[in-house]
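Visitor: sequence first, predicted model second:
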Amino acid sequence: MQITKDTVVTLDYRVTDSDGVLVDDGKHPLTYLHGGYGGIFDRIEVELQGKAVGDKLDVKLQPEEAFGDYDESLIAIEPRDLFPENIEVGMQFERGSEDEDDEDMLFTITDITDDKVIVDGNHPLAGQSLIFSCTVTDVRKASAEELSHGHVHGPGGHHH
């Protein structure tokens, strides 16, 4: 069976940066609903269209095709007293938006001083080119329930 709209695709994959440094070892296969449901980067979905089990693919994603360009405006310096005592560099937290329609953003603490905390709202892989290498291991028709929900369900169905 070929990968077409409304099929469920399973991939063995790995992701490296442009220098060949491993970013994601793909320890667990990636399964997504093909056809514009947002389960995988658009460019990879386009490249996988028409492929079948056993096909291999290497896709170089530019930053704008992956996690976006690095945005300096997403760095903020906050007063230290807004944070709990036990924070560490690398910790992440969600911050809600004042606009109800916007999603919460994930921020990473990048530096801590006596009176300030620097936080970064960029994805850790923002601004990086990535190489997505995969092998198609399964393709099947999506169930009516998966199509109505817009995502893959595991064995035995899915409960919301």
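Guide: Cool, got the structure.
Visitor: what is the least confident helix or strand in this protein?
Guide: Here the helix or strand of the chain ranked lowest by mean pLDDT, DSSP states H and E is strand 92-95, holding a mean of 84.
Visitor: which helices and strands sit right next to it?
Guide: strand 105-112 (3 or more C-beta pairs under 8 Å, 6 or more residues apart in numbering; DSSP states H and E). For glycine as for every other residue, the C-beta is placed from the backbone atoms N, C-alpha and C.
Visitor: contacting residues around the strand it packs on?
Guide: 74-76, 80, 83, 87-95, 97, 117-121, 123-124 (C-beta atoms under 8 Å, 6 or more residues apart in numbering).
Visitor: do the same with stretch 10-20
Guide: So stretch 10-20 is contacted by 22-26, 29-31, 60, 128-139 (C-beta under 8 Å, 6+ apart).
Visitor: show me the strands in this structure, by range?
Guide: Assigned by DSSP state E, the chain shows strands spanning 7-17, 22-24, 30-33, 56-61, 75-79, 92-95, 105-112, 116-120, 130-141.
Visitor: in a markdown table: those strands, plus distance to Gly39 and mean neighbour count.
Guide: Formatted as a markdown table, the strands of the chain follow (distance: least, C-beta to C-beta, whole Å; neighbours: other C-beta atoms under 10 Å):
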| stretch | distance to Gly39 | mean neighbour count |
| --- | --- | --- |
| strand 7-17 | 9 | 19 |
| strand 22-24 | 15 | 13 |
| strand 30-33 | 3 | 19 |
| strand 56-61 | 15 | 14 |
| strand 75-79 | 30 | 12 |
| strand 92-95 | 22 | 12 |
| strand 105-112 | 19 | 16 |
| strand 116-120 | 26 | 18 |
| strand 130-141 | 14 | 18 |
